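Trainee: With the sequence up front, the predicted model follows.
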Amino acid sequence: MFWLKKLVSFWLMPLPLCLLLLACGCALMRLPRRATLGRLMALAGAVLLALLSNKLVSTRLLRPLEDQFPAIPEIAPGGAAPAACQKGTLVNDTTTASKATAGAIGRWLREVAAEGLVGG
C-alpha cells in the first residue's frame, strides 16, 4: 500500500503528469484511429505545463495557502534575522545557527499556542 501511495502521488505532481500526457499523446498520434485523441492529450499536456510553469498562475494558486498559514516572523522575508545571524556575529558552527533557528521556531510556536490558535 505504501508503494502504491508513493507511485500515485509521484504521477499526480505537475511535471510528471504533464510529461505523461505529452508522451501518451505522442504515442497515440502514431495510431491512425487515435490520432485526434493523441493530439488532444499532447496539447493538454503542453498547455498544462505552460500554465503551471507561469509565475502568475503559481502565485494565484499559492496565495490562499499563504494567507491561511502565515510565515514564521523570524524566517519571513523582511523579518528580523535570528540572533545568530545578526550583523557583527560570526557563526562558523552550523549547529549554533540551527539551534538559534530552532529556538526562534520554538518561541513562535509557544506564542501561537498561547494565543489559542494551536492546541498544545
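Mentor: Cool, the structure landed. Since we're looking at a predicted model, the values are computed, not measured.
Trainee: Kindly state the domain boundaries assigned to this structure.
Mentor: Annotated domains of the chain cover 1-69, 70-120 [automatic domain parsing].
Trainee: Out of these, which gets the lowest mean score?
Mentor: For those, mean pLDDT drops lowest on domain 70-120, to a mean of 61.
Trainee: mind listing the helices in this protein by residue range?
Mentor: Using DSSP state H, the helices found in the chain span residues 2-11, 14-29, 35-53, 55-68, 94-114.
Trainee: Format those helices as TSV; extra columns: mean neighbour count.
Mentor: Using the backbone N, CA and C atoms, a C-beta is placed for each residue, glycine as well. TSV is the format used below for these (neighbours: other CB atoms under 10 Å):
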stretch	mean neighbour count
helix 2-11	9
helix 14-29	15
helix 35-53	15
helix 55-68	10
helix 94-114	13
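Trainee: wait, isn't A35 in contact with M29?
Mentor: Yes - with contact defined as CB atoms under 8 Å, A35 reaches M29; the gap is 5.3 Å.
Trainee: Quick check: the gap between R34 and W11.
Mentor: 21 Å (CB to CB, to the nearest Å).
Trainee: And G38, by the same measure?
Mentor: Distance, G38 to W11, by CB to CB: 19 Å.
Trainee: Same question for R110.
Mentor: To W11, R110 is 40 Å away according to CB to CB.
Trainee: cool, and C26?
Mentor: C26 sits 17 Å away from W11, going by CB to CB.
Trainee: A35 too?
Mentor: From A35 to W11 the distance is 24 Å (CB to CB).
Trainee: For the residue lying closest to A46 once chain neighbours are set aside, list the residues it contacts.
Mentor: Sequence neighbours aside, L22 is the residue nearest to A46 in space, at 6.4 Å (criterion: CB to CB, 6 or more residues apart in numbering). Taking CB atoms under 8 Å, 6 or more residues apart in numbering as the criterion, L22 is in contact with M41, A42, G45, A46, L49.
Trainee: and the two most separated of the residues you listed?
Mentor: Spatially, the most separated pair among the contacts of L22 is M41 and L49, at 12.4 Å (CB to CB).
Trainee: which of the contacts of L22 lies closest to E66?
Mentor: For the contacts of L22, the nearest to E66 is L49 (23.4 Å; CB to CB).
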